[in-house]
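Participant: here is the input, now give the coordinates:
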Amino acid sequence: MKSRLTVLSLVCFTLSSVLRAAPAASSTPLSSFATSAEKFHEAVVLPQFERTPEEVAASTDKAIQESEAALTRLAQQDLAKVTFESTIQNLDTCTTLVRNTADRLGLLQETATEKALRDAASEASVKISSWEIGLEYREDIYQAIKAYADTHPQLSGEDKLLFDEILRDYRRAGLALAPEKRAEVERLRKELTQLTNEFNNHVNEARGPIDFTAEELAGVPSSFLESPGVRQPDGRYRVMANITWHAEVIAANATNEETRHRAYLVRYQLAKDTNTDLLAKIVAVRTTIAQRLGYATWADYQTEPRMAKTGATAIKFEEELVTGLQQKFTDELAELQKLKAEETKVADAKLEAWDIAYYTNQLKKQRYAVDTEALRVYFPYQATLSGMFRIYERIFGLTFSEVTPPQVWAPGVQLFSVADSTDGQPIGLFYLDMFPREGKYNHFACFPVMQGLRRADGTFEIPIASLVCNFPPPSADKPSLLRPDDVETLFHEFGHVMHLVLGRAKFGRHVSFGVPQDFVEAPSQMLENWPRDKAVLDTFAADYRDPSKKVPDEVIDAMKRARIATNGVLFRRQLALGLLDLALHTQTDPEAKVDVIGLTNDVIKRVSIPPPPGTAMVTFFGHLAGGYDAGYYGYLWSLAIAQDMASVFQASPDKFLDVKIGRRLRDEVYSAGASREVNESVERFLRRKPSLQPFLNFVGVEAPPEKKS
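Facilitator: Predicted structure coming up:
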């Protein structure tokens, strides 16, 4: 029965234990938030993060065992009396609860302070993924689902969508295959889970320490040199090439070309020894799985449930942009080469891969008077975070409040509640883990902690997200200061938080992160436009030494012109990544060992800047094993949609601070999640058909003249 599935539990604090927790000095207890939730027929259920490998193993086993019991009841019901609730909805509830366990452990895998705990969480993630794959091949459950499908139910709305998707899942899992072929696909998928997890672990564990003298780091800002852990006892400075912001600071600022060269080579040889053969094996296994299921390539298999639908459509989209950006790309490279020639006094100086970020930064400084390093004084971390909160509170009609976390996975992690600003209805919770530390995920991402879940009695367990970042930490005499790009990253990643916590779909499968992968970035990419707008910046950006000083109008205008001036290089780089991903995943011979480095470096050479010999950026490209395989094209696919949605704000009198449009965005896109086709959600928000023109305007490429009918 449906009600029995609600007893399936995660390892959670009971609400009473949450309320007994002593509040931190800087925040308030959760009691009022939880009490308010009850009034709206909602529940606040915080996870208890495992503290030892043994706890990880125990909670993993508990989730699987309880789910197995519930699924057995589903399978053993009278097949002559099956209903939507007893089959389709029960299956969704069960998998959602286990997915919440996997999400929690996935967060620990990326953020726990102890390696043993990270390793245990990694093993647990593999175990859960393997169990989930096995679930798809349980004949008894499939027969119960099929028995309901054979009744030819007349469904509509979210019920029909869930029904159709689950039947599609079974087809894609190979349930229509003969038993021996089905078993082979199941085995291969479990093997793939193990392989991709190993690839990701190698990326996360890769280290690239390089020690430089002060002279070798000429041009690098003092804020970096003074950062914790950089200055060494021998007077040299340690750069960690595996830490993204370290690498970016050197690439953009070091005047010594050999310094940039060394840092580039180290970063793009990370995990080369461990991941080269592993990636080739991953590609072969993916190709085999796809072909066993009747698809020509892994790209065709992966794109079927997405907006693109086929690998060929994704490639066509990318290649058309490559062609469309060719002239702009060529012109921009010529400008960067001129700068290098002027600086080196060598007329035919060759522009190398490690020069791009540096001369792009020089172009911004010289041509557009934009010194991104100097602009950091306007973006102290805490003031920027608070300012962003106020903006999102305004446009989405929300209130954020820091609350006391009963438990966190690392020191310094904060917890915030989200409520509707009109009636106080609790909306969600989110954690912040914002600065780098040893062993932590080294980029920027929103990780789900608890997907929104509607219980059998109608009570809604509010969703919980976590924002994991690696911003420059504060130094002894300066606060953490962000670059403009960091601020855009913050607005983007927090957009994912909003997308998750605002979701109010009926079923777990239809939460916000359940939208097609080539759309999931759009709601966040759109929000990158906010910190580029003068009116928005004036609400929070100010020189931390003199808050009366705002970012000058001419600087904001120059930043826009500088961005457009370098969009060709930027987007050709993105296209190279998307196309190398598709090149790997449109292989048709699973027996042939793919030269993953040679193949992908050739794509980079054709589309972007030729990579130096010996480098293998693909082995450190975590997206390939992190869910973006045959999906990286989606960043630009979704960006086109994002800029179209942003244009609605730009055309309004209040522009990016328009509360009516913000509320429409919340209701039609964020809250809807995957509960309907995303094309419908986008059109409801736009109130028109989608257009590519805003994207072309953003990139700085003139739209082709309209054809006369």
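
Participant: going forward, measure contacts between C-alpha atoms and count neighbours the same way
Facilitator: OK.

Participant: pick out the residue nearest the middle of this structure.
Facilitator: Computing the C-alpha centroid of the chain and ranking residues by Cα atoms, centre = their mean puts Ala445 first, at 5.0 Å.

Participant: that residue is in contact with Leu467, isn't it?
Facilitator: Yes: between Ala445 and Leu467 there is a contact at 6.1 Å, judged by Cα atoms under 8 Å.

Participant: overlap in contacts of the two?
Facilitator: With contacts taken as Cα atoms under 8 Å, 6 or more residues apart in numbering, Ala445 and Leu467 have Glu493 as neighbours in common.

Participant: the strands in the stretch 1-150 of the chain, which residues?
Facilitator: Ranges of strands in the stretch 1-150 of the chain, per DSSP state E, counting those that start in this stretch, are 42-43.

Participant: kindly report the same for the chain.
Facilitator: With strands called from DSSP state E, the chain shows them at 42-43, 209-212, 237-240, 398-403, 414-420, 426-433, 445-450, 453-454, 460-461, 464-468.

Participant: what's in contact with the fifth one?
Facilitator: So the one you mean is strand 414-420. Residues contacting strand 414-420 (Cα under 8 Å, 6+ apart): 33, 397-405, 408, 425-433.

Participant: one more time with 10 Å, if that's ok
Facilitator: By Cα atoms under 10 Å, 6 or more residues apart in numbering, the surrounding residues in contact with strand 414-420 are 27-28, 30, 33, 36-37, 393, 396-408, 424-434, 462, 464-467, 498, 501-502.

Participant: which residue sits farthest out from the middle of the protein?
Facilitator: Largest separation from the mean C-alpha position in the chain: Ala80, at 43.6 Å (Cα atoms, centre = their mean).

Participant: relative to Leu175, how far out is the residue nearest to that residue when sequence neighbours are not counted?
Facilitator: Sequence neighbours aside, Ala147 is the residue nearest to Ala80 in space, at 7.7 Å (criterion: Cα to Cα, 6 or more residues apart in numbering). As judged by Cα to Cα, to the nearest Å, Ala147 and Leu175 stand 14 Å apart.

Participant: more crowded one of those two?
Facilitator: Shown here are Ala147 and Leu175; by other Cα atoms under 10 Å, Leu175 has more neighbours (21 against 18).

Participant: and Gln327, what does it touch?
Facilitator: Leu333, Gly568, Val701.

Participant: right, and the second one touches Ile609 too?
Facilitator: No: using Cα atoms under 10 Å, Gly568 is not in contact with Ile609, being 11.7 Å away.

Participant: give me the common contacts of these two.
Facilitator: With Cα under 10 Å, 6+ apart, Gly568 and Ile609 have common neighbours Leu333.

Participant: and the two? Which one has more around it.
Facilitator: Neighbours were tallied for Gly568 and for Ile609 using other Cα under 10 Å; the higher tally belongs to Gly568 (26 against 20).

Participant: start to end distance for stretch 240-256?
Facilitator: Terminal residues of stretch 240-256 lie 17 Å apart, using Cα to Cα.

Participant: check what pLDDT the nearest residue in space to Ser675 that is not next to it in sequence gets.
Facilitator: Using Cα to Cα, 6+ apart and skipping residues adjacent in sequence, the residue nearest Ser675 is His510, 5.0 Å away. pLDDT recorded at His510 is 93.

Participant: give me the number of residues near His510?
Facilitator: Neighbours of His510 (other Cα under 10 Å): 23.

Participant: still on that earlier bit, for the closest residue to the residue nearest to the centre of the chain other than its chain neighbours, give me its contacts.
Facilitator: Once flanking residues are discounted, Ala445 sits nearest to Val468: 5.4 Å by Cα to Cα, 6+ apart. Contacts for Val468 (Cα under 10 Å, 6+ apart) come out as 107, 110-111, 413, 431-436, 440-447, 493-494.

Participant: who does Val468 form a beta bridge with?
Facilitator: Asp433, Ala445 (DSSP bridges).

Participant: what about it, distance to Arg168?
Facilitator: Taking Cα to Cα as the measure, Val468 and Arg168 are separated by 33 Å.

Participant: and Ile141, by the same measure?
Facilitator: According to Cα to Cα, Ile141 stands 15 Å off from Arg168.

Participant: cool, and Asp518?
Facilitator: Going from Asp518 to Arg168 by Cα to Cα gives 19 Å.

Participant: residues of the lengthiest helix in the chain that come out buried?
Facilitator: Assignment by DSSP state H gives helix 179-205 as the longest helix of the chain. Within helix 179-205, the residues that qualify as buried are 182-183, 185-186, 188-190, 192-205, counting by 16 or more other Cα atoms under 10 Å.
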